[in-house]
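In: This is a predicted model, with the sequence first.
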Amino acid sequence: MVTQTAQERHYPFGLVNHQRGYLPYFEPQGLALIMVAKTIRTLFHTGQPQPPLLTITGVTPYSDMNALLRVIRLLYHEGIPFAISTTSVDVNTKLPAFERFSAVLRAAEKRNGIIFLRTPIETGIQRLRGRTLQRVLRTEVTALSQHNVFPVGLSSPGRWNQTLRTQTAGLSLASTNLLLPTRPPLN
């Protein structure tokens, strides 16, 4: 196939004019998200783009640690930057299962992975409030650090950034927050 025009024109996805950026639309996934990030980098003069970060979600102390370890080794071998968003526990941290869980997270950190501690999952029945949420998160971070696992920040559903309660009680505890896609709440 051959183009019918003699001169093919290229148009930018977004425009930056002085200190204003313009986007035709925003789609928070796929190629559109990459193009939005490129336009924002241009707007704020941030230089080189960061490579995409593969984030492994849904990791818990009850996950298949052997499978996770295989994925970690593969990502490291292929040079793919990755993060693990993991829930933890604030009790039973002296059990062998928690020791194994911590060892796999340490293996990820040794292979250039970074760890985000996932905020507790709230259900229609169980909702952690203010000080209770802070206590749980601090206890989980302390337990992980006692096992030489050092989360770089918190991960949570994007909706956590939309309410003052979860911002102040949860997200304010970390300087780095990874906002995950928001799923409908469990009832």
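Out: Okay, I see it. Residues are numbered from 1 along each chain as shown.

In: Return the lowest-mean-pLDDT helix or strand in the chain as CSV; C-alpha atoms alone will do.
Out: Of all the helices and strands that make up the chain, helix 164-169 has the lowest average by mean pLDDT, DSSP states H and E, namely a mean of 74. Included here for helix 164-169 are C-alpha records, laid out as CSV according to Å, rounded to 0.1, in the frame of the first residue of the first chain:
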residue,chain,number,x,y,z
LEU,A,164,-9.7,13.0,52.9
ARG,A,165,-10.0,10.0,55.3
THR,A,166,-7.8,7.7,53.3
GLN,A,167,-5.4,10.4,52.3
THR,A,168,-4.7,11.5,55.9
ALA,A,169,-4.9,8.1,57.6
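
In: Once you drop chain neighbours, what's closest to Leu154?
Out: Counting by Cβ to Cβ, 6 or more residues apart in numbering, the nearest residue to Leu154 once its immediate chain neighbours are dropped is Ala174, at 4.3 Å. Where C-beta positions appear, they are placed from N, C-alpha and C, glycine not excepted.

In: What is the neighbour count of the one you found?
Out: Taking other Cβ atoms under 10 Å as the neighbour definition, Ala174 ends up with a count of 19.

In: Okay, the one residue sitting closest to the centre of the chain and Ile84: tell me how far apart.
Out: Central residue check for the chain by Cα atoms, centre = their mean: the C-alpha nearest the mean position is that of Leu178, 3.9 Å away. Separation of Leu178 from Ile84 (Cβ to Cβ, to the nearest Å) stands at 10 Å.

In: Quick one: the strands in the protein, in order.
Out: Assigned strands in the chain, in chain order: 15-17, 20-22, 54-59, 82-86, 114-118, 153-157, 177-180 (criterion: DSSP state E).

In: I'd like to know which elements the first one is packed against.
Out: Spelled out, that is strand 15-17. Under the contact criterion of 3 or more Cβ pairs under 8 Å, 6 or more residues apart in numbering; DSSP states H and E, strand 15-17 touches strand 20-22, helix 30-44.

In: Which positions in it come out as buried?
Out: Residues of strand 15-17 classed as buried under the neighbour-count rule (16 or more other Cβ atoms under 10 Å) are Val16.

In: Need the per-residue pLDDT for Asn187.
Out: Asn187 carries a pLDDT value of 49.

In: Oops, could you answer that again for Glu99 instead?
Out: The per-residue pLDDT reported for Glu99 equals 93.
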